[in-house]
Every structure is written in structure tokens, then in C-alpha cells.
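A.B. asks: Sequence plus predicted model, see below.
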Amino acid sequence: MSAAIRRAWGAVRWYVRGVTGESRYDAYVAHARAAHPDREPLSARDYWRRVYREQDANPGARCC
């Protein structure tokens, strides 16, 4: 695979991970490990449950 195709694929992958929120979980894990090395980070499933529970409790400026 050429370098240009690899770069393009990397850009597409980065974009999709940002849109789907997958990068948010990765950022959470990195933060949790750095700030709380004595605790195990939440699983992806538990992380998203917490995020959605907080969104439902505090909808803020969402339209729906």
C-alpha cells in the first residue's frame, strides 16, 4: 500500500472514530490511567452507560 493511501485511510479512520465517539472512550481511558492508576477504568459498555445517563439527567441545550 502506498504512503498516500495509508495517510488517506488513517484520516478516514480518525474521522470515523471522532464521529462515533470511540475516541472519547480512548481519551477517558488515558485520563483514568494517568489520574487514577490504582483504579481500573470503566469498560466501554459502562462508560457509555454513564455518559448517556448523565446526558439524560442534564440535557443542557440539546434540541431533543
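C.D. replies: Looks like it arrived, so ask away.
A.B. asks: Can you say which helix or strand has the residue nearest the centre of the chain in it?
C.D. replies: Nearest residue to the geometric centre of the chain (CA atoms, centre = their mean): Arg24, 1.9 Å. Element membership for Arg24, per DSSP states H and E: helix 22-35.
A.B. asks: residues in contact with the residue nearest to the centre of the chain?
C.D. replies: Applying CB atoms under 8 Å, 6 or more residues apart in numbering, we find Arg24 in contact with Val51. C-beta coordinates here come from the backbone N, C-alpha and C atoms, glycine included.
A.B. asks: Could you check the pLDDT of it?
C.D. replies: The per-residue pLDDT reported for Arg24 equals 93.
A.B. asks: Point out the other helices and strands that the biggest helix by length in the chain packs with.
C.D. replies: Taking DSSP state H as the assignment, the helix of the chain that covers the most residues is helix 3-20. Helices and strands touching helix 3-20, by 3 or more CB pairs under 8 Å, 6 or more residues apart in numbering; DSSP states H and E, are helix 22-35.
A.B. asks: and the angle for the helix it packs on with helix 3-20?
C.D. replies: 80 degrees (axes from the mean of the first three to the mean of the last three CA atoms, to 10 degrees).
A.B. asks: Please identify the buried residues of helix 22-35?
C.D. replies: Within helix 22-35, the residues that count as buried by 16 or more other CB atoms under 10 Å are Tyr25, Tyr28.
A.B. asks: and the residue lying closest to Asp26 once chain neighbours are set aside, how many neighbours does it have?
C.D. replies: In space, Asp26 comes closest to Arg17 once its chain neighbours are excluded; the distance is 7.9 Å by CB to CB, 6 or more residues apart in numbering. Other residues lying near Arg17 total 14 when counted by other CB atoms under 10 Å.
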